[in-house]
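>>> Sequence and predicted model, in that order:
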Amino acid sequence: MALLAAAAVVEGAWGWRLGWLGGAPEPVLVVALALGLRTEPEGAAAVGFTAGLLQDLFGGGPLGLLATAKLWVGFAAGTLGRTVVLDSTWGPPVFVAAGTALSRALEAVLGSITSQPVPPLATWAQGTLVAAWWNALTAPLVFAGLRKVGNWRARPARARQSEP
Amino acid sequence: MILAGSRRRVGLLAALVVVAGVLLTLQVRSPEGRQVGPVGRTVLSVLVPAQVALARAADAVMRSWRALNEIGQLRAENARLRAQVEALRREVARLQEASVEAERLRRLLGFRAPAPYTTLAARVVSRDPSRWYTTLTVDRGSRDGVARGDPVVTAEGLVGRVFEVYPTAALVLLVTDPRSAVGVLVQSTRDAGVVEGTATERLRLRYLSRSSPLGEGDVLVTSGLGGVFPRGIRVGVVRKVERKVGALFQEAEVEPATDLSRVEEVLVLVRQAPPR
């Protein structure tokens, strides 16, 4: 939760400055995907929902739109978590790029359903490509950082297990 | 046990979906399409200050980045403007040159060649750098009718005489060359003398009668005697008179009428062939 909140703060403060052709980096999504891969699908859905809700809060749209979209993205991440090879060089970027595309597609669908302004297909595709590129670029860093945090948190437990 | 866990997870997912759906529906149906509510406001009130701080930091970084970029742009613009200034300076210099040249040519045009000469304008194309005041080359030669011995003048006065002639150029021996000797008259008294070159900027007046009342500022003109130079062309101005005890003649230091170090256009007085 703290990581997602930090990512949301960073995204709101810095993300748009790197925006280009309708797309910008989404650290919240990258963190949510990285966390979602390590949990059960339902837990990942909850992570996605929280991430989307934070984005909804900092954004100007109705609360729940991005939350719903990210919920399903998180669920997908949790479902695919066991099949994705995270230790490979290209695994995280490709996975995050695909997650970004899925997220943007769901946002567009939900936006259409709820009569929210949705960009034309070409603009949407352009923005999706740019966002996917940005997110794929940051994915290795985020994944590596989260792995280190996970290892650091698991240290006391391992120490307890090794005691006689 | 496994079944209970699975049901719980499905229940969690279903709850999330329902919450999300209800939330979205309520939000969309609200008058403004968005209602944050007290919980959302509390979350935002905690997180927004951090975001503001980060945004300010980002602003500072962006400002620095822009400043760095502007330095590059300013350098490029500075170089461009410098090049422009340089080009304009060259243009101004060229126009000034043209103006000065036009003035010189205007004065040259005012010069009337004495009979039996015709004037031929010529441009100085080179000088002997090691002998600054003695010879120069003009861009007129035998093809233009220039002949050895032709006088060379400017509107200000005498320059010298043609020393060597080539088809398209001519070497002019300046009056300041030690080989040069010009018969002159003191314009005011009509006393005759000879002006010789000294290989310096100044000329030497010799063979002027000791009795001639020569003074500083007196103008010397060609006498026309000797047949080389036509009569009445200004040769120079007396700057310093020297009367040596026991000498038959007086001498004087003369400043040439033409500034030979700066002359760029001249008139060659081409002798007309006598009618047959």
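Okay, I see it.
>>> What distance do you get for residue A:92 to residue A:107?
In this view, residue A:92 and residue A:107 are 22 Å apart by CB to CB, to the nearest Å. All C-beta spots, glycine's among them, are computed from the backbone N, C-alpha and C.
>>> Quick one: residues contacting residue B:127.
Applying CB atoms under 8 Å, 6 or more residues apart in numbering or on different chains to residue B:127 gives the contacts B:135-137.
>>> Select from those the one having the most neighbours.
Taking other CB atoms under 10 Å in any protein chain shown as the neighbour criterion, residue B:136 ranks highest of the contacts of residue B:127 with 25 neighbours.
>>> any idea which helix or strand carries that one?
In the assignment (DSSP states H and E), residue B:136 maps to strand B:135-138.
>>> any idea how far the helix or strand just after that strand is from the chain center?
Next in sequence after strand B:135-138, counting helices and strands by DSSP H and E, comes strand B:151-153. Relative to its parent chain, strand B:151-153 has a centroid offset of 28 Å by CA atoms, centre = their mean, to the nearest Å.
>>> same check, this time on stretch B:175-184
34 Å.
>>> Would you mind listing the buried residues in that stretch?
The neighbour-count check on stretch B:175-184 (16 or more other CB atoms under 10 Å in any protein chain shown) flags B:175-177, B:180-184 as buried.
>>> go on, stretch B:212-225?
Applying 16+ other CB under 10 Å to stretch B:212-225 flags B:212, B:214, B:218-224 as buried.
>>> Which positions in chain A make contact with chain B?
With the criterion set to CB under 8 Å from any CB of the partner chain, chain A comes near chain B through A:5, A:8-10, A:12-14, A:17, A:40-43, A:45-46, A:49, A:54, A:57-58, A:60-65, A:67-68, A:71, A:75, A:110, A:114-116.
>>> Does the residue positioned nearest the centre of chain A lie in a helix or a strand, and which?
In chain A, the centroid-proximal residue (CA atoms, centre = their mean) is residue A:29; its distance is 1.8 Å. Using DSSP H and E, residue A:29 sits within helix A:27-36.
>>> Show me what that helix is packed against.
Using 3 or more CB pairs under 8 Å, 6 or more residues apart in numbering or on different chains; DSSP states H and E, the elements in contact with helix A:27-36 are helix A:2-14, helix A:41-58, helix A:65-80, helix A:91-113, helix A:121-162.
>>> dump the residue contacts of residue A:25.
A:11, A:15, A:18, A:131, A:134-135, A:137-138.
>>> How about residue B:251?
B:204-206, B:208, B:241-244.
>>> Which ChimeraX command selects the buried ones in those?
Of these, the buried ones go into a single ChimeraX selection, burial set by 16+ other CB under 10 Å:
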select /B:204,205,208,241
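>>> what two of the contacts of residue B:251 are the furthest from one another?
By the measure CB to CB, B:204 and B:243 form the most distant pair in the contacts of residue B:251, at 14.2 Å.
>>> Low-confidence stretches in the stretch 151-276 of chain B?
Along the stretch 151-276 of chain B, segments meeting pLDDT under 70 span B:274-276.
>>> Quick one: neighbours of residue A:22, just the number.
When counting by other CB under 10 Å, one arrives at 16 neighbours for residue A:22.
>>> Residue B:10 and residue A:42 touch, don't they?
Yes. Checked against CB atoms under 8 Å, the pair residue B:10 and residue A:42 is within contact range at 7.2 Å.
>>> Look at the two and report which has more neighbours.
Neighbours per residue, other CB under 10 Å: of residue B:10 and residue A:42, the larger number sits with residue A:42, 22 against 12.
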